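>>> Sequence plus predicted model, see below.
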Amino acid sequence: MLERLNQALDHLEGCLDGEIDMAEAARIATVSEYHFRRLFSALAGMPLPVYVRRRRMTLAGAEVLAGELTLLDVAVRYGYGSGEAFARAFRSVHGIGPGEARRTGAVLTAQPRMSFRVVVEGATTMRYRIVEKERFRVVGRKARVPLVHEGLNAAAAAHLESLDEQAIVRMKELADREPEGILSAVVHLTDSREEGAEVDYWIGAVTGPEAAAEELDALDVPAGTWAVFDNHGPYPSALQDLWRDVFTQWFPSNPYTTRPGPELLRTQPVEIGAETDSQLWIPVERGSIGRAGA
């Protein structure tokens, strides 16, 4: 899988001064475009379009400083139809406009070319099962929070603290199917899993598709397949490590790919660093190792 991902990145590298075809890159990686974008973001820590823009601006920056082409020629070469659009993209990466950079010989920011490799640092065993679920509904309360990869997510913790006792009692009454009890659900708004990317964060319970939410928010989830991971370790670091390992280790070596849907987490919050049992549900679909559904 990683070899094919690197081949896809080689393809993108060759297209930086032309039209980028993400679908073709995904085909080379032998995964769907949706999964290609999400897998890249999980591995690289940044969205794929951000990486492509930074690589383009790295190459464009060298040509701007070289002074052999006009700024408009450089803009067109790297896919921008106007000098203004190019200048905005250039400034977003380098913090300075191309004209000023050329006049002053400014020091620019470089995005190194990326490749993926496997580094084995110890034996990690992930216990999982595959579950087919009929459609269901998550009822609870949601908030928009940033992703945090290490340590406590203060915004998520504040959302949990904001819940009133009446809402919690009602969630417990409605919880009537697996995963049981009060849980959290993360709905990604974009393909990005970069630190700080916004997600919809739910605290709620899983119930039937026709259950009346009343004063609670409701998230309807279609039928599908789920990979369920059991975890035990210090809170919240063990969970954050599990999330990372699922996308960087489990998916590349198993015949499944992600599909759209909420990621469900059932855990018992404890003091930071204390041991706790958790269960993570990831929506998946069947593919094959290295060929996860185009």
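Cool, got the structure. Residues are numbered from 1 along each chain as shown.

>>> Find the residue closest to residue 219 in space, skipping its chain neighbours.
For residue 219, ignoring the flanking residues on the chain, the nearest one in space by C-beta to C-beta, 6 or more residues apart in numbering is residue 138 at 4.2 Å. Heads up, the C-betas are built off the backbone N, CA and C, glycines and all.

>>> and that neighbour, how many neighbours does it have?
26 (other C-beta atoms under 10 Å).

>>> doesn't it fall inside a helix?
No. If the criterion is DSSP: H, G, I helix; E, B strand; the rest coil, then residue 138 is strand and not within a helix.

>>> hey, what's it bridged with?
Beta-bridge pairing for residue 138 (DSSP bridges): residue 206, residue 219.

>>> Now for it: which residues touch it?
Residues near residue 138 by C-beta atoms under 8 Å, 6 or more residues apart in numbering: 185, 202, 204, 205, 206, 207, 218, 219, 221, 262, 264.

>>> Roughly how far does it sit from residue 200?
In this structure, residue 138 and residue 200 are 11 Å apart, going by C-beta to C-beta, to the nearest Å.

>>> so where's this protein shaky on pLDDT?
Along the chain, segments meeting pLDDT under 70 span 1, 117-126, 253, 269-270, 288-294.

>>> Return the distance of the longest helix along it from the chain's centre.
Ranked by residue count under DSSP state H, the longest helix found in the chain is helix 48-66. How far helix 48-66 lies from its chain's middle: 23 Å, per C-alpha atoms, centre = their mean, to the nearest Å.

>>> One more: stretch 203-219?
25 Å.

>>> Next: stretch 255-273.
13 Å.

>>> before we move on, what about stretch 223-234?
Centroid displacement of stretch 223-234 relative to its chain, using C-alpha atoms, centre = their mean, is 17 Å.

>>> What lies in contact with that stretch?
Stretch 223-234 is contacted by residues 126-135, 179, 238-239, 241-242, 246, 250, 256, 259, 261, 264, 273-286 when judged by C-beta under 8 Å, 6+ apart.

>>> any idea how far residue 239 is from residue 87?
In terms of C-beta to C-beta, residue 87 sits 43 Å off from residue 239.

>>> let me redo that: residue 192
20 Å.

>>> neighbouring contacts of stretch 213-222?
135-142, 167, 170-171, 185, 187, 202, 204, 209, 261-262.

>>> Which of those residues fall in helices?
Per DSSP H, the contacts of stretch 213-222 map to helices at 167, 170, 171.

>>> now the residue nearest to the second one when sequence neighbours are not counted: how far from residue 67?
With sequence-adjacent residues excluded and distances taken as C-beta to C-beta, 6+ apart, residue 170 is closest to residue 216, at 6.3 Å. Noted for residue 216: a distance of 62 Å to residue 67, by C-beta to C-beta.

>>> quick one, which of those two is more surrounded?
Neighbours were counted for residue 216 and for residue 67 using other C-beta under 10 Å; residue 216 has more, 18 against 10.
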